[in-house]
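1. this one's structure only:
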DNA sequence: AAACCGGGGAT
DNA sequence: ATCCCAGGTTT
């Protein structure tokens, strides 16, 4: 009686769902890969990455025996690179602990690195058809409006309450479609700013719409502002090779390659910090370009100097390597440095 | 609970 | 300029 909205939602999903690559399979491995890629990342962005990844690593075993550098290269540009490292580690856990058979129980899935409440619920419901809710930003928004949830959705307690509500209405025979339908509604109709309520299959059940409060919900606390950081980068060339640094695996952009750089207040500070960080004495020559990059929690304002290498014993603190310019495309370089890389590749030689 | 961790598209 | 996206982990 009071859960007819579930049926209405499922009928709408049958008619209006998008054709997405991961909807052509029930392979838990493929579903898993898609869910990790989709964390905080839009569907359209993920699609080409997903196709390439599954072509290269069709099974858990292919992924488990891969080199992490190749996994990161396939992840290049997607962001949140810890996802790729956890995916790789979890594949090795599945190979060793589960004989390469993806685990079937919720507790085992949840225990894998990189899998939290949302992803465990998504895999259990979508791949295995079991009634575990998968609560992402879409679902929180849909349920907050449907049930007039006026608490901050970023509070763990709110998620717990939404989970309890969903468990009570879960259609046991259509768990996979129900999970996906909730998210699809959030992505296509129940939009954050201007929801398309006239198109909504459950509008008559929506408590927010009844009170004309769609715009006010969900309630979400503000995020802290990103911090600005001045960063000086050195382009150091010897013949057709460029000196590149592989960032430490832990931390920001961990395991990816960068044009060696340091946070510095000015040019003199740059040379000093560079020697401390990399053990190399350089002379900044040509101020090549300025570029900035915005992370969710940090802003890099980068000054790039074509620099001369005077002397240096490489310290253990860094992981410097000479990379031929025509091989820059074979290592994983994050988006923050893509403009710089392009200027090298297009310009051929430096000015 | 808050901070850290990427990148891009929509408004 | 702001929001937020099929979030998880660490502090």
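-> Good, I have the coordinates. On a predicted model such as this, the values are computed, not experimentally measured, just so you know.
2. Need the residue closest to the centroid of chain A.
-> Closest to where the C-alpha atoms of chain A average out (Cα atoms, centre = their mean) is residue A:80, at 4.4 Å.
3. Assign a three-state SS to it, would you?
-> Secondary structure, DSSP: H, G, I helix; E, B strand; the rest coil: residue A:80 is coil.
4. ok, the residue in the stretch 51-200 of chain A positioned nearest to DNA strand B - how many residues close by?
-> Per Cβ to the nearest atom of the strand, residue A:79 is where the stretch 51-200 of chain A lies closest to DNA strand B, at 2.6 Å. Yep, even glycine has a C-beta here, placed from its N, CA and C like the rest. Using other Cβ atoms under 10 Å, residue A:79 has 18 neighbouring residues.
5. is it true that it touches residue A:42?
-> No - here residue A:79 lies out of contact with residue A:42, judged by Cβ atoms under 8 Å, at a distance of 11.3 Å.
6. what comes into contact with the one helix or strand in chain A whose mean pLDDT sits lowest?
-> Every helix and strand of chain A was ranked by mean pLDDT, DSSP states H and E. The lowest is helix A:338-347, at a mean of 90. Helix A:338-347 is contacted from outside by A:77, A:233, A:235, A:242, A:259, A:288-289, A:291, A:302, A:304, A:325, A:328-329, A:333, A:350, using Cβ atoms under 8 Å, 6 or more residues apart in numbering.
7. ok, and which of the residues you listed reach DNA strand C?
-> With Cβ under 7 Å from any atom of the strand as the criterion, the contacts of helix A:338-347 include none near DNA strand C.
8. Restrict those residues to the buried ones and give me that as a ChimeraX selection.
-> In ChimeraX, this line selects whichever of the contacts of helix A:338-347 come out buried by 16 or more other Cβ atoms under 10 Å:
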select /A:233,235,242,259,288,291,302,304,325,328,333
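9. from the contacts of helix A:338-347, which is closest to residue A:96?
-> Among the contacts of helix A:338-347, residue A:77 lies closest to residue A:96 (Cβ to Cβ), at 30.3 Å.
10. ok, the closest one to residue A:275 distance?
-> Here residue A:77 is placed at a distance of 32 Å from residue A:275 (Cβ to Cβ, to the nearest Å).
11. what do you get for residue A:158?
-> Residue A:158 is 50 Å from residue A:275, by Cβ to Cβ.
12. Once you drop chain neighbours, what's closest to residue A:159?
-> Setting aside the residues directly before and after it, residue A:159 is nearest to residue A:135 in space (Cβ to Cβ, 6 or more residues apart in numbering), at 5.5 Å.
13. Helix or strand next in line after the helix or strand residue A:88 falls within, which one?
-> Taking DSSP states H and E as the criterion, residue A:88 maps to helix A:82-97. Using DSSP H and E, the helix or strand that directly follows helix A:82-97 along the chain is helix A:106-110.
14. does any part of that following helix sit near DNA strand C?
-> No - figure legend: helix A:106-110 not in contact with DNA strand C (Cβ under 7 Å from any atom of the strand); closest approach 8.1 Å.
15. contacts for that helix?
-> Contacts to helix A:106-110, defined as Cβ under 8 Å, 6+ apart, come from residues A:98, A:103, A:115-117, A:120, A:123-124, A:130, A:132.
16. go on, stretch A:321-328?
-> Residues contacting stretch A:321-328 (Cβ under 8 Å, 6+ apart): A:238, A:240-246, A:257, A:331, A:341, A:344-345.
17. and that stretch, average pLDDT?
-> When pLDDT is averaged over stretch A:321-328, the result is 96.
18. Would you mark the buried spots in it?
-> In terms of neighbour count (16+ other Cβ under 10 Å), stretch A:321-328 has its buried residues at A:323, A:325, A:328.
19. now swap in stretch A:236-251 and tell me
-> A:236-237, A:242-247.
20. closest to DNA strand B among the residues you listed?
-> Looking across the buried residues of stretch A:236-251 and measuring by Cβ to the nearest atom of the strand, the closest to DNA strand B is residue A:247, at 8.4 Å.
21. Thanks a lot, catch you later.
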